[in-house]
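Student: show me how the following folds:
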Amino acid sequence: MTDSKYFTTTKKGEIFELKAELNSDKKEKKKEAVKKVIASMTVGKDVSALFPDVVNCMQTDNLELKKLVYLYLMNYAKSQPDMAIMAVNTFVKDCEDPNPLIRALAVRTMGCIRVDKITEYLCEPLRKCLKDEDPYVRKTAAVCVAKLHDINAQLVEDQGFLDTLKDLISDSNPMVVANAVAALSEIAESHPNSNLLDLNPQTINKLLTALNECTEWGQIFILDCLANYTPRDDRESQSICERVTPRLSHANSAVVLSAVKVLMKFMEMLPKDLDYYGTLLKKLAPPLVTLLSAEPELQYVALRNINLIVQRRPEILKHEMKVFFVKYNDPIYVKLEKLDIMIRLASQANIAQVLAELKEYATEVDVDFVRKAVRAIGRCAIKVEQSAERCVSTLLDLIQTKVNYVVQEAIVVIKDIFRKYPNKYESVIATLCENLDSLDEPEARAAMIWIVGEYAERIDNADELLESFLEGFHDESTQVQLQLLTAIVKLFLKKPTETQELVQQVLSLATQDSDNPDLRDRGYIYWRLLSTDPVAAKEVVLAEKPLISEETDLIEPTLLEELICHIGTLASVYHKPPSAFVEGSRGVQHKRLPGSAGSGESVESPDPGAAATETPPAVIPSQGDLLGDLLNLDLTPTTTTGPPPPTTSGMQMGAMDLLSGGLDSLLGGDIGGNPAMGAAFGAAPATMPASFNAPGSGGLDDLFDLGGGVGMPMGALNPPKAVWLPAMKAKGLEISGVFVRRAGVIQMEMTLTNKAMSVMTDFAIQFNRNSFGLAPAGPLQILTPLSPNQSIEPLNNLQVAVKNNIDVFYFSCQYPISMLFVEDGKMERQVFLATWKDIPNDNESQFQIKDCHLNSDAASNKLQSSNIFTIAKRTVEGQDMLYQSMKLTNGIWVLAELRVQAGNPNYTVSSVALAIGPIINQNGFENGFTNQAL
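Tutor: Sure, this is the predicted structure:
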């Protein structure tokens, strides 16, 4: 009798009965009870109450019963972690059982119980199983390491399991090798910089030896690992290809695709004049063709992969066109994919049979497929020039069928043929015009309107045809409206005397009666062009158009290279890189084919030269409570090395009135609605007012730019300019800019752009007083007059008024405080301790930065590049404490403490400023700091 009887029970009070049966002395009754429990669990009933009773059944020699108990344990251990500890002793005992099946079962179950409390108890049994004499146990233990690493990575590294896993690559049993490779690959994906799989010729040789004797899934693991290796030269590449080629004849399609991936990658390194290269191309075709005889779902996956292969190396399948011909019983998704590959393989040699096939497809009953077939004929005409005439003739035959959707698709593709071969096939226009009334799809109507407008001089009644479309102008789609507007303007420029009324009508409809901004803007442009300079209008509208390209749907080359490296995976089916559809893909690496990969270096790599000359911060020994102990330490003074700080900042501390009269004289009196900007310039304040609040986007946070490059000098990157004053608020004048610090000098780089239609003159500019006393070092050179669409870029330094002949405009630009920290901001350690102790607690602000993945040394280097100096560093309970100082241009000191926990991406920052209260409000500091760090 089958086990289905366990799923049909509907008794009440079942848990109590099962509990009694589980504690029965009879083995058979106990096994029956466990089966009932598993059946209830499978259909969704909660049987967790029976956990202790089921666990008691583990003490048995019956393998079937033990498997059932382990299955129950895997399911409920997470919800009953305290109870699960009861099973640990049995695991340890089972891992030493004489039967290798039981040992493997125990270690497999250990890896599936995702409970932190018991993982540490499983380390010793796992270590024994990794060195077990039976290969079945070793291969199971290898996979268990990967599972355990996912639960607790640090534990696996501390216990040395990764080194044991690497040793298993040299195991005598091929399945152990395959599982070790699979486990290391899995771990390496989540830790891309760990270099776990250190592939070298010796390791590759071991993998290739194991390849022949593995199971099919073991072969896939090894082949995927081989695909990540880059051979030293073409000889090694050829040797690997020769040993991988036999896998192409495997019965499992996944093995075949993995082998194709390896060969496609290593072929990049083979010289094309090599005999073996041609042999390899011939060997690749048959296995790909064989994949197309499988069931439709497998065919589709194979076709998506073949699509990529054909784009990279069409010569592989150039003689296999017939296998891509569509069968009557193919599902639509297979038909469309075959059609796409047929076009990619189309050439002068096979175009005749391709066209005959496509013409047949165009008479099918499946509308979507027919549409694609008609478009495919047009793509053939564009791709193979010699076949263009035959393609046009085929399309005309299809138009004569008078099938509505066929006619419309044919007109759309004929428009593209006209663009590819101008002045060659215009004789067919008369036939197209006969079908004007049957067009009801926007794309077809737009294509027909384009044809009429483009060849208006050859169509006697072009104005009548376009006027017929104009009657229902507002009911048309935007695509048709835009095309109709352009076509009528073209017609007017070719036949001005006959169509003046028509062009005025369409311009009026587009500009006055339309709500669509694209249509209205195009209408105004045409109107102004025609009214101001008809000659220029003719040159613009009737300009010679570039020929359309042969293949408009090819995948971008860099993406194609990456997808070739992912053949046989979901990425090759989606035609998207893994990072586009794998959520939280922190470990997803972008792959490239050999010789094509970019040599981009991480901006987070510190400069080794700079690191060698930099004085390391003093490391304070760990003792007692955090700050209290730091302040009680007796630190000896240290000698600061390095270049002396600059004595001048390049900026005047006093406010300089560039235009001899402050803002009042510049702007002619009171500045409406902004008293702060209307104040006359005076001396710069000696200290910053306590009420000053820096903007959230640019305070102290900017100089803790932990998310950028470590150890990069200031000015190494040019940040993008932000728009400070939009053109719509300043009658066409747009001002954008950015603050930078270069060679100890604060600079404000601005771009002034005239986006109005008239010339701008009489420029003047003035800055208001500011908390740090920043003022321009010299007068601004403004180029006048400023013509429409012209830009100027004066340098200098926050509130600004700009005046020209049109009006006065106001804006404020927020400078980042990172610009204000000077190079001599490193405080003596004893002074730091005394100062920190004296500052009241009210002056301290504290917050967290989240998702910042730099360690304490990298953070320290990064901060020093922004003139934030680490005075001391110590480690307390695994937490690194960095104590830092910085100095503003007006002499104010800021002290900070940064806490970094190893493995924790969240930092804690505390900051205090001398004598003036918090330097910025907490929200502004926290938001800006966090934005920069991320």
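Student: tell me which other helices or strands whichever helix or strand Lys139 is part of touches.
Tutor: Using DSSP states H and E, Lys139 sits in helix 135-151. Here helix 135-151 touches helix 100-112, helix 116-119, helix 123-130, helix 153-158, helix 161-167, helix 174-190, going by 3 or more CB pairs under 8 Å, 6 or more residues apart in numbering; DSSP states H and E. From N, CA and C alone the C-beta is placed, and that goes for glycine too.
Student: which secondary structure elements does the fifth one contact?
Tutor: For helix 161-167, the contact count by 3+ CB pairs under 8 Å, 6+ apart identifies helix 123-130, helix 135-151, helix 174-190 as packing neighbours.
Student: circling back: can you flag the weakest of the helices and strands packed on helix 135-151 by average pLDDT?
Tutor: Note on these: lowest mean pLDDT is at helix 116-119, with a mean of 74.
Student: okay, it in PDB with CA atoms only?
Tutor: The C-alpha trace of helix 116-119 is given here as PDB (Å, rounded to 0.1, in the frame of the first residue of the first chain):
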ATOM      1  CA  ASP A 116      22.700  30.300  15.400                       C
ATOM      2  CA  LYS A 117      22.600  28.700  18.900                       C
ATOM      3  CA  ILE A 118      23.600  25.200  17.700                       C
ATOM      4  CA  THR A 119      26.000  26.000  14.800                       C
END
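Student: show residues contacting it.
Tutor: Ala77, Pro81, Asp82, Ala84, Ile85, Ala87, Val88, Leu148, Ile151, Asn152, Leu155 (CB atoms under 8 Å, 6 or more residues apart in numbering).
Student: export the residues you listed to JSON lines and tack on neighbour count and distance to Asn804?
Tutor: What follows is the contacts of helix 116-119, written out as JSON lines (neighbours: other CB atoms under 10 Å; distance: CB to CB, whole Å):
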{"residue": "Ala77", "neighbour count": "22", "distance to Asn804": "75"}
{"residue": "Pro81", "neighbour count": "15", "distance to Asn804": "73"}
{"residue": "Asp82", "neighbour count": "10", "distance to Asn804": "77"}
{"residue": "Ala84", "neighbour count": "20", "distance to Asn804": "77"}
{"residue": "Ile85", "neighbour count": "14", "distance to Asn804": "79"}
{"residue": "Ala87", "neighbour count": "24", "distance to Asn804": "82"}
{"residue": "Val88", "neighbour count": "17", "distance to Asn804": "81"}
{"residue": "Leu148", "neighbour count": "23", "distance to Asn804": "70"}
{"residue": "Ile151", "neighbour count": "15", "distance to Asn804": "67"}
{"residue": "Asn152", "neighbour count": "16", "distance to Asn804": "66"}
{"residue": "Leu155", "neighbour count": "16", "distance to Asn804": "68"}
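Student: export stretch 220-240 to CSV, keeping only CA atoms.
Tutor: Taking Å, rounded to 0.1, in the frame of the first residue of the first chain, the C-alpha atoms of stretch 220-240 are listed here in CSV:
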residue,chain,number,x,y,z
ILE,A,220,28.4,21.9,-14.5
PHE,A,221,30.0,23.2,-11.3
ILE,A,222,33.5,22.5,-12.7
LEU,A,223,32.8,24.0,-16.1
ASP,A,224,31.4,27.2,-14.5
CYS,A,225,34.5,27.4,-12.4
LEU,A,226,36.7,27.0,-15.5
ALA,A,227,34.8,29.9,-17.2
ASN,A,228,36.2,32.2,-14.5
TYR,A,229,39.8,31.3,-15.3
THR,A,230,41.9,33.4,-17.7
PRO,A,231,44.6,31.3,-19.5
ARG,A,232,48.1,32.6,-19.6
ASP,A,233,48.5,32.2,-23.4
ASP,A,234,46.8,30.8,-26.5
ARG,A,235,48.5,27.4,-26.0
GLU,A,236,47.0,26.9,-22.5
SER,A,237,43.7,28.1,-23.9
GLN,A,238,43.8,25.6,-26.7
SER,A,239,44.7,22.8,-24.3
ILE,A,240,41.7,23.6,-22.1
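Student: who touches it?
Tutor: Against stretch 220-240 from outside (CB under 8 Å, 6+ apart): 177-179, 181-182, 185, 197, 199, 201, 204, 207-208, 210-211, 214, 244, 247, 252, 254-255, 258-259, 261-262, 265-267, 269-271, 274, 276, 565, 568, 591, 594.
Student: I'd say Asp340 and Asn307 touch.
Tutor: Yes - the criterion here is CB atoms under 8 Å, and Asp340 meets it with Asn307 at 6.3 Å.
Student: okay, the helices and strands packed on helix 135-151 in TSV with distance to Phe325 next?
Tutor: What follows is these, written out as TSV (distance: least, CB to CB, whole Å):
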stretch	distance to Phe325
helix 100-112	48
helix 116-119	57
helix 123-130	53
helix 153-158	52
helix 161-167	49
helix 174-190	39
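Student: and Ala373, how far is that from Ala302?
Tutor: Distance of Ala373 to Ala302, computed by CB to CB, to the nearest Å: 21 Å.
Student: no no, Glu583
Tutor: Glu583 is 27 Å from Ala302, by CB to CB.
Student: the more surrounded of these two?
Tutor: Neighbours were counted for Glu583 and for Ala302 using other CB atoms under 10 Å; Ala302 has more, 25 against 4.
Student: residues touching the more buried one, list them.
Tutor: Neighbours of Ala302 in contact, by CB under 8 Å, 6+ apart: Ser253, Leu257, Leu288, Leu291, Leu292, Ala294.
Student: filter those residues to the buried ones?
Tutor: Burial by neighbour count, 16 or more other CB atoms under 10 Å: within the contacts of Ala302 this picks out Ser253, Leu257, Leu288, Leu291, Leu292.
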